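Peer 1: Starting from these lines, generate the structure:
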Amino acid sequence: MLADLCPNVWLDTSSTNRWMRYDGLDLRTVFARSLDVAGAGRLLFGTDSSFFPRGWHGEILDQQATALYELGLKAGDAQQILAGNLEQLLAARGPGELKL
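Peer 2: I've put the predicted structure just below:
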C-alpha cells in the first residue's frame, strides 16, 4: 500500500524465498502485484546476502529471473530490476547523500 501511495518508495526483491512455504503465494504472483503497483522502474533486485556465513546464493537470482521471464517481462524491464534501477538510484545521489 505504501508504494502505491508514495511514488518515492521503492521495493526490493531480497528474500530467501522461504515465505512461499507458508503464504500460498509464488514469485510470479508477488512480482505481478509489485509490477502493477510500483512498475519495473521502482523494483530493485536484492541479493539477501547480508550475513555470514550464508553469503551469495545464485539460485535466488535464478528463481527471480525465471519468474520475471515467465511473466513475459520485456528484457529491458528485467534489466532495470536486476541492475539498472540500483545504478540509476545510486548515480542520482552524490557521495555521502544516500542514507540507509
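Peer 1: Nearest residue to the middle of the protein?
Peer 2: By C-alpha atoms, centre = their mean, the chain has its centre lying nearest to Thr13, at 2.9 Å.
Peer 1: And that residue, how far from Gln63?
Peer 2: From Thr13 across to Gln63, the span is 10 Å (C-beta to C-beta, to the nearest Å). In short, each C-beta sits where N, CA and C put it, glycine included.
Peer 1: right, and the residue nearest to the centre of the chain touches Phe45 too?
Peer 2: Yes - contact criterion C-beta atoms under 8 Å: Thr13 and Phe45 qualify, at 5.2 Å.
Peer 1: where do the contact lists of the two overlap?
Peer 2: Common contacts of Thr13 and Phe45, defined by C-beta atoms under 8 Å, 6 or more residues apart in numbering, comprise Gln64, Ile81.
Peer 1: Show me the shaky parts of the protein.
Peer 2: By pLDDT under 70, the weakly predicted segments of the chain are 16, 47-56, 94-100.
Peer 1: residue ranges for the strands of it, please.
Peer 2: Secondary structure of the chain (DSSP state E): strands at 11-12, 43-44.
Peer 1: same for the last one, what does it pack against?
Peer 2: Just to be clear, that refers to strand 43-44. strand 11-12, helix 27-38, helix 85-91 (3 or more C-beta pairs under 8 Å, 6 or more residues apart in numbering; DSSP states H and E).
Peer 1: What lies in contact with the shortest one?
Peer 2: Strand 11-12 has contacts (C-beta under 8 Å, 6+ apart) with Ala3, Ser34, Val37, Ala38, Arg42, Leu43, Leu44, Phe45, Gly46.
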